[in-house]
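S.K.: With the sequence up front, the predicted model follows.
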Amino acid sequence: MRQAYSTQLAIVTGILVLFMAGAFALIQSPEVLESPGITAITAGQAVPHPIEGHEKCGSCHGRKGMKAYPINHLGWKNESCTKCHR
Amino acid sequence: MRPLLYGTFWIGIYLIIIIAPLLVLLIGPIPPGRGFWREFSVGIGFVGLSMMGLQFFLTGRFKHITSPYGIDVVYHFHRQISTVAFILILLHPLILFISAPDTRLFLNPVFSPWWITTGTAAMVVLAILILTSIKRKEWNIRYEPWRVTHAFLSIGVAALSLIHIEGVGYYVQGPLKRWFWIGLVTAWVLSLVYVRIIKPIWMFRRPYKVEEVIKERGKTWTLVLRPEGHPGMSFKPGQFAWLTVGKSPFSIREHPFSFSSSSMKSEKMEISIKELGDFTSTVGEISPGTRAYLDGPYGTFTIDRHTAPGYVFIVGGVGISPIISILRTLADRYEKRPLLLFYSSKTWEEVTFREALDKLTGRLNLRVIHTLTNPAEDWHGERGRINAEIMGRYLPENRVDFEYFICGPDPMQMAVKKALEELGLPLEKVQSESFNFI
């Protein structure tokens, strides 16, 4: 009986973690929610060319592009680039 | 504090600590988000590490934490939540690989920076840690080497994960976040220091001497332990302790056994052990005078937590140890309430504590029903395993008001619980304890 409660608690904990991680991602995700209090703490390198018409950053700056971004930028979406690089 | 309230308190603390990394990440200036799925994956990773770190506390045998639930349930939760944490941590890279296909490049060690490699290594070590625990018995891994390996692999997972987080460097910048992680890691290290150094030192200063080794029926030995230079251990009837014999308390060779003596006599304690495995088969060779150490008492399998007009004990084989302790304690307390003991053994000759039980029936309002699974032809008592039919013949009419204590091998416990359900008894009235700590 007590062990059944323990299993239930482990499952509920897992679900709670997924829920909390989802809430965290929602807060951090600019596509879904705008968080006015959030400010970038890193200023990226300035973009030396017009951004308009070149919104798909990954096509030139992806890992196989002509000017690849650093490896720690892997997985970032095109919409995220202009948060730091302007 | 009442056990329910105390238990709820610790569950609340546990849940707050595991999600604390996410809350701390959102305090102060935070880096910009990088898309929902990436942040979801990162969130799971942080919480997964927090869950793994808390495992050091779950297995540290902290009495305040274990007492509301029973240490067997805490260990059971440790095993269950490890699987949950592993699945969550596994989701961390999987979500990244699916949501951002270019991150699959990290699978190639040539493109993988060192901080990603440490994350991958942490995952591999965690998989080994969990697999060797689940399959230990199946793969015939001996307990002692497994325990040492388990401890080192756990520390390895925590260290590699922390290096991974530090290497990625996202969400951990800023003094508050830094101090949070320093505090968390310090707490993990302190729990290890307590378990491996402070507690053994405390035990070293409270030694016991094996005064006598008594051969009992049914391949069982009773160790009589006398405290040396201290008043002994105060325990409740039905509780158990981890025993170390002939080694220092820093040794990993320790095993959980129930007390079989009355809890009213802490100046001389008895532990009864049935020959079942590596260590238990050597108990008969222990010489009187050997030094021993006890870590305990633990367990919630005690009548003192459950008030009732009468008690029923259902025992299989070596499960008699905690029950004889309960009965001896009740006799010393001049107990008058009705007590019923169903006791399953193989043969009449192998009934452990047979004579002691006979004497106790004279001191208590106790009825003992022996049932033998391999009886002689002239046996006139109950035959076979304990079942609903046998119990139904002896249980009193007010059986619903009684508390039931089951002790024996896990399959026997399952069968008896099913039988009690058949008899219409609520499972809330049924207490049991499993010694499956691995």
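M.R.: Perfect, I can see it now.

S.K.: Residues contacting the helix or strand of chain A with the lowest mean pLDDT, please?
M.R.: When the helices and strands of chain A are scored by mean pLDDT, DSSP states H and E, helix A:78-81 comes last with a mean of 77. Helix A:78-81 is contacted by residues A:30-31, A:55-58, A:61, B:32-35 when judged by Cβ atoms under 8 Å, 6 or more residues apart in numbering or on different chains. C-beta here means a position set from N, CA and C on the backbone, and glycine is covered the same way.

S.K.: and it, which residues are buried?
M.R.: The neighbour-count check on helix A:78-81 (16 or more other Cβ atoms under 10 Å in any protein chain shown) flags A:80-81 as buried.

S.K.: Distance from the chain centre to that helix, please.
M.R.: How far helix A:78-81 lies from its chain's middle: 9 Å, per Cα atoms, centre = their mean, to the nearest Å.

S.K.: and residue 15, what helix or strand is that in?
M.R.: You didn't say which chain, so I picked chain A. With secondary structure defined by DSSP states H and E, A:Ile15 is part of helix A:2-28.

S.K.: right idea, wrong chain: chain B
M.R.: In the assignment (DSSP H and E), B:Leu15 maps to helix B:3-25.

S.K.: need the contact list for the spatially closest residue to B:Val315 that is not a sequence neighbour.
M.R.: Spatial nearest neighbour of B:Val315, chain neighbours left out: B:Tyr343 (4.9 Å); criterion: Cβ to Cβ, 6 or more residues apart in numbering or on different chains. By Cβ under 8 Å, 6+ apart, B:Tyr343 lies in contact with B:313, B:315, B:320, B:351, B:357, B:368-371.

S.K.: Let me know whether my guess that B:Tyr343 is in a helix holds.
M.R.: No: counting by DSSP: H, G, I helix; E, B strand; the rest coil, B:Tyr343 falls outside a helix, being strand.

S.K.: Any idea which residue of the stretch 301-438 of chain B lies closest to chain A?
M.R.: Proximity to chain A, evaluated over the stretch 301-438 of chain B using Cβ to the nearest Cβ, is greatest for B:Leu427 at 4.9 Å.

S.K.: for the helix or strand hosting B:Leu54, packing partners?
M.R.: Here B:Leu54 sits within helix B:36-58, counting by DSSP H and E. The contact analysis (3 or more Cβ pairs under 8 Å, 6 or more residues apart in numbering or on different chains; DSSP states H and E) places helix B:36-58 against helix A:2-28, helix B:3-25, helix B:71-99, helix B:143-168, helix B:175-193.

S.K.: In PDB, list the C-alpha atoms belonging to it.
M.R.: Extracted in PDB, the C-alpha atoms of helix B:36-58 (Å, rounded to 0.1, in the frame of the first residue of the first chain):
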ATOM      1  CA  PHE B  36      10.100  26.800 -26.800                       C
ATOM      2  CA  TRP B  37      11.400  23.300 -27.300                       C
ATOM      3  CA  ARG B  38      15.000  24.300 -26.700                       C
ATOM      4  CA  GLU B  39      14.100  26.000 -23.400                       C
ATOM      5  CA  PHE B  40      11.800  23.100 -22.500                       C
ATOM      6  CA  SER B  41      14.700  20.700 -23.000                       C
ATOM      7  CA  VAL B  42      17.000  22.900 -20.900                       C
ATOM      8  CA  GLY B  43      14.400  23.100 -18.200                       C
ATOM      9  CA  ILE B  44      14.100  19.300 -18.000                       C
ATOM     10  CA  GLY B  45      17.900  19.000 -17.900                       C
ATOM     11  CA  PHE B  46      18.300  21.400 -14.900                       C
ATOM     12  CA  VAL B  47      15.400  19.700 -12.900                       C
ATOM     13  CA  GLY B  48      16.800  16.200 -13.800                       C
ATOM     14  CA  LEU B  49      20.100  17.100 -12.200                       C
ATOM     15  CA  SER B  50      18.400  18.500  -9.200                       C
ATOM     16  CA  MET B  51      16.500  15.200  -8.800                       C
ATOM     17  CA  MET B  52      19.700  13.200  -9.200                       C
ATOM     18  CA  GLY B  53      21.400  15.300  -6.500                       C
ATOM     19  CA  LEU B  54      18.500  14.700  -4.100                       C
ATOM     20  CA  GLN B  55      19.100  11.000  -4.400                       C
ATOM     21  CA  PHE B  56      22.100  11.500  -2.000                       C
ATOM     22  CA  PHE B  57      19.600  12.500   0.700                       C
ATOM     23  CA  LEU B  58      17.000   9.800  -0.100                       C
END
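
S.K.: orientation of that helix relative to helix B:3-25 in degrees?
M.R.: 140 degrees (axes from the mean of the first three to the mean of the last three Cα atoms, to 10 degrees).

S.K.: Can you name the next helix or strand after helix B:36-58?
M.R.: Following helix B:36-58 toward the C-terminus (DSSP H and E): helix B:63-66.

S.K.: any idea which residue sits dead centre in chain B?
M.R.: Taking Cα atoms, centre = their mean, the centroid of chain B lies closest to B:Asp72, which sits 3.1 Å from it.

S.K.: between the helices and strands packed on helix B:36-58, which gets nearest to B:Ile326?
M.R.: helix B:71-99 (17.0 Å; Cβ to Cβ).

S.K.: now the closest one against helix B:143-168, angle please.
M.R.: For helix B:71-99 against helix B:143-168, the angle by the same axes, to 10 degrees is 40 degrees.

S.K.: tell me which residues in the helix or strand that helix B:71-99 is followed by are buried?
M.R.: Moving toward the C-terminus from helix B:71-99, the next helix or strand (DSSP H and E) is helix B:114-134. Buried residues in helix B:114-134, defined by neighbour count with 16+ other Cβ under 10 Å: B:116-123, B:125-126, B:129-130, B:133.

S.K.: Next, format these as a markdown table and append pLDDT.
M.R.: Output for these, formatted as a markdown table (pLDDT from 0 to 100):
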| residue | pLDDT |
| --- | --- |
| B:Ile116 | 89 |
| B:Thr117 | 89 |
| B:Thr118 | 92 |
| B:Gly119 | 91 |
| B:Thr120 | 90 |
| B:Ala121 | 92 |
| B:Ala122 | 93 |
| B:Met123 | 92 |
| B:Val125 | 95 |
| B:Leu126 | 93 |
| B:Leu129 | 93 |
| B:Ile130 | 92 |
| B:Ser133 | 90 |
